[in-house]
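Q: dropping the sequence and predicted coords here.
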Amino acid sequence: MARERGYDLVEVQPNASPPVCRLMDYGKYRYEESRRERESRRRQRTAALKEVRLRPKIDDHDLDTKARQARKFLSSRSKVKLSVLFRGREIAHQDIGRTLLTRVSEQLDDISQVDQQPHMEGRSMVMLLSPSGEGQTAGDTVESSNQPADNQA
């Protein structure tokens, strides 16, 4: 019957009693299955981890630049690892590093949430941020923060 209609006979449930078979174009079925799989893989989001490195003696403007870079990473849905690198005797002033990390996290609190509070890993203090807004895309956050309030339509 399958040959007469130009289809393939495909066994759907071999363990059933009686076994269930189906008449279908198996090549077309496999093509559609691979297409669905490819589409689901394309929509899948891999969470990247980006790192922003700071130093304890960083200037205010440089800190703002690093915060802007972290904001860009967060708006592209990546997690951000903030690191304060201590060299030599700077390690004695861990409070400066903790202050820097909290300042950056306060600047980014509208777009991020803290995954890990600041803690020491060797000679660096590390803090982990992840994006908070579920419905935001990469361009939504950056564009909305750069436009003046009176030009919104």
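A: Noted; the coordinates are in hand. Numbers count the residues shown, from 1 in each chain.

Q: from here on, just use CA atoms for contacts and neighbour counts.
A: Will do.

Q: strands of the chain, residue ranges please.
A: 8-13, 20-24, 49-54, 79-85, 112-121, 124-131 (DSSP state E).

Q: so residue 73 makes contact with residue 50?
A: Yes: contact between residue 73 and residue 50 holds when scored by CA atoms under 8 Å: they sit 7.0 Å apart.

Q: what do the two both touch?
A: The contact sets of residue 73 and residue 50 overlap at 79, 80 (CA atoms under 8 Å, 6 or more residues apart in numbering).

Q: re the thing from before, got the strands of the chain as a markdown table, with distance to residue 35 columns?
A: What follows is the strands of the chain, written out as a markdown table (distance: least, CA to CA, whole Å):
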| stretch | distance to residue 35 |
| --- | --- |
| strand 8-13 | 20 |
| strand 20-24 | 17 |
| strand 49-54 | 29 |
| strand 79-85 | 30 |
| strand 112-121 | 35 |
| strand 124-131 | 31 |
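
Q: turn those strands into TSV, columns for mean pLDDT and distance to residue 101.
A: Formatted as TSV, the strands of the chain follow (pLDDT from 0 to 100; distance: least, CA to CA, whole Å):
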stretch	mean pLDDT	distance to residue 101
strand 8-13	87	58
strand 20-24	90	61
strand 49-54	92	9
strand 79-85	93	7
strand 112-121	91	7
strand 124-131	93	7
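
Q: got a markdown table for those, with distance to residue 43 and mean neighbour count too?
A: A markdown table is the format used below for the strands of the chain (distance: least, CA to CA, whole Å; neighbours: other CA atoms under 10 Å):
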| stretch | distance to residue 43 | mean neighbour count |
| --- | --- | --- |
| strand 8-13 | 29 | 14 |
| strand 20-24 | 28 | 14 |
| strand 49-54 | 19 | 16 |
| strand 79-85 | 18 | 22 |
| strand 112-121 | 22 | 16 |
| strand 124-131 | 18 | 22 |
